[in-house]
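*Asks:* Here's my sequence, what's the structure:
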Amino acid sequence: MVGKLRALLWDLDGTLAETEEVHRAAFNRAFAEMGLPVFWDQDLYRSLLETTGGKERIARFLQDCQGCPPLSPEEIARLHRRKNELFAELLAQGVDLRPGVFRLLWEAKGAGLRLALATTTSPENVHVFLARTGLEGVFDLILAGDVVPRKKPDPAIYLLALKRLELRPGEALALEDSRNGLLAAFRAGLPVLVTPGLYTAHQGFPEAQAVLTHLGEPGRPGQVLQGPRQGQALVADLAYLEEVRGWWST
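*Replies:* So this is what the prediction gives:
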């Protein structure tokens, strides 16, 4: 193991909160406003999430859509901007953090760990989310959207986070909810803890050091699906994260 744990690197959508349903609703409203004959239901959106990035997701869908009008990159970008505006409006109605997220963030901050956000969602969405959830000022580093040329599962965003924080991979732990996010962190050399969400529970995470249903709260523990203490119910704290890192180093 390399030194002590010095940082936690977090994904946003699906990891900090179940925001993908808010994104899906915003996409559908934007399509309707533009007069596009498109509606993304949950099953379709689950498959589209294999493509990271909103603009990239729209472009991929249109490639395979029978009867959809072609859109230029500029039109896709405009549609995506409107979707982000609608996302902010919907998020204003409220969103809950996943179990254990707020607790673990503040436990880590109190222990002097650095906190970074590494997400494919746009910076505008990130700032709205942080404001709505009371997490403004919590993260020492925020990397979002097109800050790197290639999005998850490419490791670029995690490599950049390590560079900006001046850390070696073994000094940090990534928290993700999806296979694309896991692969991005894994390929950057990071140990990874996965908490699958609404749209990712069906995925496999063999490269993860730990997989939990959620991080847990006192009286509401998460279930360990893979990794240290598999099969147990627990509240994931910094001591447990060190156990997870121990699995990575062996």
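
*Asks:* mind listing what residue 44 touches?
*Replies:* Counting by C-beta atoms under 8 Å, 6 or more residues apart in numbering, residue 44 touches no other residue. For glycine as for every other residue, the C-beta is placed from the backbone atoms N, C-alpha and C.

*Asks:* Correct me if wrong, but it is in a helix.
*Replies:* Yes - using DSSP: H, G, I helix; E, B strand; the rest coil, the assignment for residue 44 is a helix.

*Asks:* Find me the pLDDT at it, would you?
*Replies:* Looking at residue 44, its pLDDT reads 96.

*Asks:* And for residue 1?
*Replies:* Per-residue pLDDT puts residue 1 at 46.

*Asks:* Now do the contacts for residue 187.
*Replies:* 153, 154, 155, 158.

*Asks:* Tabulate the residues you listed (TSV), appending secondary structure and neighbour count.
*Replies:* Output for the contacts of residue 187, formatted as TSV (DSSP: H, G, I helix; E, B strand; the rest coil; neighbours: other C-beta atoms under 10 Å):
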residue	secondary structure	neighbour count
153	coil	17
154	coil	17
155	coil	19
158	helix	29
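
*Asks:* quick check, nearest of those residues to residue 18?
*Replies:* Closest approach between the contacts of residue 187 and residue 18, by C-beta to C-beta: residue 153, at 21.1 Å.

*Asks:* Next up, the contacts around that closest one.
*Replies:* By C-beta under 8 Å, 6+ apart, the neighbours of residue 153 are 52, 179, 180, 181, 183, 184, 187.

*Asks:* Please pick the buried ones from the residues you listed.
*Replies:* Using 16 or more other C-beta atoms under 10 Å as the burial test, those include 52, 179, 180, 181, 183, 184, 187 as buried.
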